[in-house]
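**Student:** Got a sequence here, can you build the structure:
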Amino acid sequence: MSKRGDFKAEVEALRGQLVAWRRDFHMHPELGFQEHRSAGLIADRLRELGYQVQTGVANTGVVGLLEGKQHSAEVHPKPSRPSPGPVVMLRFDMDALPISEENEAEYVSRNPGVMHACGHDGHMAIGLGVATLMAQRRDKMTGTLKLVFQPGEEGMDGAELMVQEGVLENPRPDVFLATHLWNEKPVGTVDVTPGAVMAAAEKWACTVRGKGGHGALPHQTVDPIAATAQIVTALQTVVSRNVSPLETAVVTVGAVHGGDAFNVIPPQVDLSGTIRTYSPEVREMVLRRVREVIEGVAVACGAEAELEIVPLTPAVINDARVTDVVRAAAEAAVGPGLLQNVSSGERTMGSEDAAFFMREVPGCYFFLGSANAERGLDAPHHNPRFDFDEDALPLGVAVFMHALARYLL
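**Tutor:** I've put the predicted structure just below:
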């Protein structure tokens with residue numbers, strides 16, 4: 001890795017610009033598929049750097065393409081493969097969250113009710129940093145760099161829409177890389193884990209129907225509240241008694257709504273929740289058991305249940321070979337004296353729609369430590385006081401650059 005370049009000085013020279021980009025994005029957060037300002041700034045910068053730029057992908061997405069100068073499309077005219085080297089795709093999400101920020105920094109959100117509470121502002125800054133340094137190396141590139149700035153990651157499946165609109169074609173990537181700033185780990189650390197690192201997610205909704213009536217005359221009713229209470233309890237056995245202790249899954253009931261008066265048994269109760277799994281086999285079994293439990297318990301109580309399960313994202317599964325490259329890149333980025341800062345084993349039952357890209361292209365999704373408890377920068381993601389240590393930004397750029405050196409330089 002070191003033979004292909006030491007990026008420390010160049011990345012450090014970019015530090016001020018990375019912070020400026022990040023703070024500008026943070027002050028102007030935009031919700032999913034509304035990232036017009038962010039997309040415009042990114043597109044303009046990529047054009048200035050000499051990238052081929054496509055805008056409006058999945059509404060507000062931006063794609064920047066940089067071909068090795070020695071192997072341009074003029075020499076290799078096939079649009080699906082403009083360069084004989086590999087095509088490496090990097091994804092950076094852009095959207096913010098509908099949260100009112102409670103921080104007091106000078107760069108707090110200027111858009112009431114919207115804030116970057118998950119670090120996507122930092123992701124965009126890292127992406128622009130990588131774009132800048134790679135543009136300076138176009139003469140040395142033997143492949144193609146494809147930068148994807150994605151809208152609608154926060155529960156809107158912007159990645160799936162980008163795939164449907166052809167982002168994985170012309171040219172098709174050989175390798176996919178992505179990162180997430182991670183306030184679960186301290187700044188200066190990187191976690192690169194092979195295999196499943198984020199869970200497949202489904203949302204489910206259920207209506208339990210009974211027969212309403214007077215609260216003082218329960219024998220004349222079929223009580224959907226009593227049935228729902230037993231359903232909620234029985235669902236806890238799906239993971240504890242059906243999933244192997246060596247596997248993992250989550251079944252959560254997130255909402256229960258039923259009844260309007262203290263002395264009335266309602267005719268129905270609505271409940272909803274989420275299911276998270278890693279392996280396809282466990283997923284299939286859990287989905288089946290959730291349905292069996294809900295419908296079976298309802299029938300046993302004399303009620304009936306109507307259940308809908310909607311898949312959201314597949315699991316994020318890191319390819320072993322690509323993960324090896326990224327781990328070596330992380331070690332090169334932190335330096336030989338800090339190899340203990342590169343770990344393996346971070347997994348979360350949270351979901352990520354980058355899985356739609358990784359389902360088709362071998363890749364690696366790594367976690368970039370960003371918390372600094374001493375500075376009070378350790379609030380969890382999606383919290384109104386979320387913020388992160390900006391020292392994570394140059395390290396993120398360095399990891400990507402060392403990985404890209406392996407594939408393209």
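**Student:** Do you know the pLDDT at P84?
**Tutor:** Among the per-residue scores, P84 shows a pLDDT of 76.
**Student:** my guess is it contacts T144, does it?
**Tutor:** No. With contact defined as CB atoms under 8 Å, P84 and T144 do not form a contacting pair (9.7 Å). C-beta coordinates here come from the backbone N, C-alpha and C atoms, glycine included.
**Student:** Give me the more crowded residue out of those two.
**Tutor:** Between P84 and T144, counted using other CB atoms under 10 Å, T144 has the larger neighbour count: 26 against 13.
**Student:** Quickly list the domain ranges of this structure.
**Tutor:** In terms of domains, the chain is parsed into 2-198+315-408, 200-313 (source: automatic domain parsing).
**Student:** for these, which one ends up most surrounded?
**Tutor:** Ranked by mean neighbour count under mean count of other CB atoms under 10 Å, these are led by domain 2-198+315-408, which reaches a mean of 20.
**Student:** ranking the domains of the chain by mean pLDDT, which is last?
**Tutor:** Per-stretch mean pLDDT for the domains of the chain is lowest at domain 2-198+315-408 (a mean of 94).
**Student:** Pull the distance from that domain to the chain's centre.
**Tutor:** Domain 2-198+315-408 sits 11 Å away from the centroid of its parent chain (CA atoms, centre = their mean, to the nearest Å).
**Student:** Grab the nearest non-local neighbour of V243.
**Tutor:** The spatial neighbour of V243 that comes closest, neighbours along the chain excluded (CB to CB, 6 or more residues apart in numbering), is A249 at 4.9 Å.
**Student:** if I read this right, that neighbour contacts I275, doesn't it?
**Tutor:** Yes. In this structure A249 lies within contact range of I275 using CB under 8 Å: 7.3 Å.
**Student:** hmm, back to that, backbone dihedrals for the residue nearest to V243, please?
**Tutor:** With angles defined as degrees, to the nearest 10, A249 shows backbone torsions of phi -160, psi 160.
**Student:** From S279, how far off is it?
**Tutor:** Taking CB to CB, to the nearest Å as the measure, A249 falls 9 Å from S279.
**Student:** Likewise for Y407?
**Tutor:** Counting by CB to CB, the separation of Y407 from S279 is 29 Å.
**Student:** wait, what's in contact with F176?
**Tutor:** For F176, the contact set (CB atoms under 8 Å, 6 or more residues apart in numbering) comprises V88, M89, L90, R91, V322, A354, F357, M358, V361, P362, G363, C364.
**Student:** Okay, the closest residue to A379 other than its chain neighbours and G302: tell me how far apart.
**Tutor:** In space, A379 comes closest to R385 once its chain neighbours are excluded; the distance is 4.2 Å by CB to CB, 6+ apart. Using CB to CB, we find R385 at a distance of 48 Å from G302.
**Student:** which helices and strands sit right next to the lengthiest helix in the chain?
**Tutor:** In the chain, assigned by DSSP state H, the helix with the most residues is helix 280-300. The helices and strands touching helix 280-300, judged by 3 or more CB pairs under 8 Å, 6 or more residues apart in numbering; DSSP states H and E, are strand 200-209, helix 224-242, strand 249-257, strand 268-277, strand 304-313.
**Student:** export these to TSV and tack on distance to A58?
**Tutor:** What follows is the helices and strands packed on helix 280-300, written out as TSV (distance: least, CB to CB, whole Å):
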stretch	distance to A58
strand 200-209	19
helix 224-242	34
strand 249-257	27
strand 268-277	24
strand 304-313	15
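**Student:** rewinding a little: name the residues contacting each of A249 and I275.
**Tutor:** Overlap of the contact sets of A249 and I275 (by CB under 8 Å, 6+ apart) consists of R283, V286.
**Student:** can you pull out the helices in the stretch 301-409 of the chain?
**Tutor:** When assigned using DSSP state H, counting those that start in this stretch, the helices of the stretch 301-409 of the chain occupy the ranges 320-334, 355-358, 392-408.
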